[in-house]
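Enquirer: Test case, fold it:
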Amino acid sequence: MLFMVVETLKNQDGKAVYRKLRDEGRGLPDGLTFVASWVTADLGRCFQLMETDDITLFQRWIADWQSVVEFEVVPVVEGKTTREALTPML
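Expert: Next up, the predicted model:
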């Protein structure tokens, strides 16, 4: 399954987040896959597309980063997949 992870950087402190990333790595447990990310111009938020079949892996990952980031994890589906699923109903 795909998930959009919305990260709000505490105190908009992008330096702290990127320092932790540089020093410790992303720290993803096996089975939680990073796909891509986007960062807002003001360094206030980061949007990461992630993939996993085990939602509890997010809990382990978030526990390691919650000192510098607040998280929202949203299950998502690609638009074309949704369109194909709804086509018979339209």
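
Enquirer: For the residue nearest to Phe3 when sequence neighbours are not counted, give its distance to Thr81.
Expert: Closest residue to Phe3 in three dimensions, ignoring its sequence neighbours and counting by Cβ to Cβ, 6 or more residues apart in numbering: Met50, at 4.9 Å. For glycine as for every other residue, the C-beta is placed from the backbone atoms N, C-alpha and C. With distances defined as Cβ to Cβ, to the nearest Å, the gap from Met50 to Thr81 amounts to 17 Å.

Enquirer: now Arg26
Expert: Taken as Cβ to Cβ, the spacing of Arg26 relative to Thr81 amounts to 26 Å.

Enquirer: repeat for Thr8
Expert: As for Thr8, its distance to Thr81 is 28 Å (criterion: Cβ to Cβ).

Enquirer: Can you report how many residues lie near Thr52?
Expert: The local packing count at Thr52 equals 17, with neighbours defined by other Cβ atoms under 10 Å.

Enquirer: Now for it: which residues touch it?
Expert: Applying Cβ atoms under 8 Å, 6 or more residues apart in numbering, we find Thr52 in contact with 1, 3, 31-33, 58.

Enquirer: Produce a ChimeraX select command limited to the buried residues of the residues you listed.
Expert: Applied in ChimeraX, the following selects the buried portion of the contacts of Thr52 according to 16 or more other Cβ atoms under 10 Å:
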select :3,32,58
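
Enquirer: can you name the two of the contacts of Thr52 that are farthest apart?
Expert: Considering Cβ to Cβ, no two members of these lie farther apart than Phe3 and Gly31, which are separated by 12.7 Å.

Enquirer: Neighbour count for Met50 and Thr81, which is higher?
Expert: The residue with more neighbours, out of Met50 and Thr81, is Met50; 21 against 11, by other Cβ under 10 Å.

Enquirer: which residues touch the more buried one?
Expert: Contacts of Met50 (Cβ under 8 Å, 6+ apart): 2-5, 32-35, 58.

Enquirer: Return the subset of the residues you listed lying in strands.
Expert: Within the contacts of Met50, membership in strands is found for 2-5, 33-35, as judged by DSSP state E.

Enquirer: Among the residues you listed, which one lies nearest to Gln66?
Expert: For the ones in strands among the contacts of Met50, the nearest to Gln66 is Val5 (12.6 Å; Cβ to Cβ).
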